[in-house]
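Enquirer: kindly generate the corresponding structure for this input.
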Amino acid sequence: MCIPCFFTISTSEVGIIETFGKYSRLVHPGLGCVICPAEQLVGRVSFRVQQIDVRVETKTLDNVFLTAVVSVQYQVLREKVFEAFYSLTNPAQQITAHIYDVMRAQLPTLELDAVFEAKEELALAVKNALSKTMTEYGYQILQALITDLDPDQRVKNAMNEINSSKRLKFAVAERAEGDKILKVKSAEAEAEAKYLSGVGVAKQRKAIVDGLRTSIVDFSDGVKGTSSKDIMDLLLLTQYFDCIRDVGQEGHCKTTFVPSSRSTGDDMRNALLQAGAAK
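Expert: Purely as a prediction, here's the structure:
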């Protein structure tokens, strides 16, 4: 006795119908019906994008063990539903096996630093290997991503130490270069200051000499019969008295003035007495 049995198929799915154990037809989304017990709904195939995450542990060319996480996104091809349902018992296991094969063939040829730089190339190699195989079974590989590369914690600490040492070395070099520039600029400024001071002293002395020359010429023209020696003695005497005046006007000055004399004894004693009386 045949009895109609009704069922529903969800959107983005397709049902597989068998008649006495043999593939019969596909049932699309909506309400479906089979004639029991001759026909039977044996399974459903989803067209949704699925993802599988695989952790692969292997070592690099420089003998560093690391764990790579590979995420693969795949989908059933609508025109190959029969192959997708009947060819593989566990498609995720098949994809995992191919990921292990590719990663353990590629990573041992690269050093640790090169692995981080070659993530895109590794992901592309995984995708190409899976696409070539899984298309025959009715599956489309949409994307393969290497989402994580995790070396041993001691290796990561060593890498951080190396990076920290490089940055510290760079900072010390920059600080030394800054100190060097500061000292060079300071020396240049000091040299420039001394040069300008020397120029100022030279100009001052030149002005004094020019002033003395003018005074001598004017005095010679104004006073007839005077020699150059007389004029120089007069100028020196004038500067001598100016010096004494300036010394006497300064309150903090502790200078003792002793007149010069060719005689000895009494002249020296009188000079000291005069100096004592001046206090």
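Enquirer: name the residues that touch the strand or helix carrying T96?
Expert: Element membership of T96, judged by DSSP states H and E, is helix 91-106. Residues external to helix 91-106 that are found in contact with it (C-beta atoms under 8 Å, 6 or more residues apart in numbering): 52, 54, 56, 58, 68, 70, 72, 74, 84, 88, 122, 125-126, 129-130, 133-134, 137, 139. Backbone N, C-alpha and C define where each C-beta goes, glycine included.
Enquirer: 6 Å instead?
Expert: 52, 54, 56, 58, 68, 70, 72, 88, 122, 125-126, 129-130 (C-beta atoms under 6 Å, 6 or more residues apart in numbering).
Enquirer: swap in stretch 133-146?
Expert: 70-75, 77, 80, 83-84, 87-88, 119, 122-123, 126-127, 130-131.
Enquirer: which of these are buried, as a ChimeraX select command?
Expert: Per 16 or more other C-beta atoms under 10 Å, the buried members of the contacts of stretch 133-146 correspond to this ChimeraX selection:
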select :70,71,72,74,75,77,80,83,84,88,122,123,126,127,130
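Enquirer: next step: the contacts of stretch 133-146 restricted to strands.
Expert: 70-75 (DSSP state E).
Enquirer: which one of those is nearest V115?
Expert: Closest approach to V115 among the ones in strands among the contacts of stretch 133-146 (C-beta to C-beta): V70, at 12.8 Å.
Enquirer: which strand residues bridge the closest one?
Expert: V54, I146 (DSSP bridges).
Enquirer: show me what contacts it?
Expert: Counted by C-beta under 6 Å, 6+ apart, V70 has contacts 54, 99, 146.
Enquirer: confidence score at it?
Expert: pLDDT, V70: 93.
Enquirer: could you do L182 as well?
Expert: pLDDT at L182 comes out at 87.
Enquirer: you'd agree T11 is in a helix?
Expert: No. Applying DSSP: H, G, I helix; E, B strand; the rest coil, one finds T11 to be coil, outside a helix.
Enquirer: my guess is it meets P29, correct?
Expert: Yes. Here T11 reaches P29: they are 4.9 Å apart, a contact under C-beta atoms under 6 Å.
Enquirer: okay, these two: which has more neighbours?
Expert: P29 (14 against 9; other C-beta atoms under 10 Å).
Enquirer: the residue lying closest to A84 once chain neighbours are set aside and E120, how far apart?
Expert: Nearest non-adjacent residue to A84, counting by C-beta to C-beta, 6 or more residues apart in numbering: G138, 3.2 Å away. Distance of G138 to E120, given as C-beta to C-beta, to the nearest Å: 28 Å.
Enquirer: of these two, who's got more company?
Expert: Per other C-beta under 10 Å, whichever of G138 and E120 has more neighbours is G138, with 22 against 10.
Enquirer: so what pLDDT did that one get?
Expert: pLDDT for G138: 91.
Enquirer: cool, D53 as well?
Expert: D53 is given a pLDDT of 93.
Enquirer: again, but for T255
Expert: pLDDT, T255: 60.
Enquirer: now do N160
Expert: pLDDT recorded at N160 is 73.
Enquirer: can you get me a residue count around it?
Expert: 10.
Enquirer: begin at 54, not 1, for the rest of this chat.
Expert: Done: numbering now begins at 54, and the last item shifts to N213.
Enquirer: what packs against the strand or helix carrying A229?
Expert: Assessed by DSSP H and E, A229 sits inside helix 206-275. Judged by 3 or more C-beta pairs under 6 Å, 6 or more residues apart in numbering; DSSP states H and E, helix 206-275 is in contact with no other helix or strand.
Enquirer: repeat that with 7 Å
Expert: Applying 3 or more C-beta pairs under 7 Å, 6 or more residues apart in numbering; DSSP states H and E, one finds that helix 206-275 contacts helix 281-302.
Enquirer: if we can go back for a sec, closest to P57 among the ones in strands among the contacts of stretch 186-199?
Expert: Nearest to P57, judged by C-beta to C-beta, of those is Q128 at 33.0 Å.
Enquirer: any idea how far the closest one lies from M187?
Expert: Taken as C-beta to C-beta, the span from Q128 to M187 is 10 Å.
Enquirer: from the contacts of helix 144-159, which single one is nearest L160?
Expert: T111 (4.9 Å).
Enquirer: I'd guessed the closest one sits against L165; true?
Expert: No. Counting by C-beta atoms under 7 Å, L165 is not a contact partner of T111; they are 11.7 Å apart.
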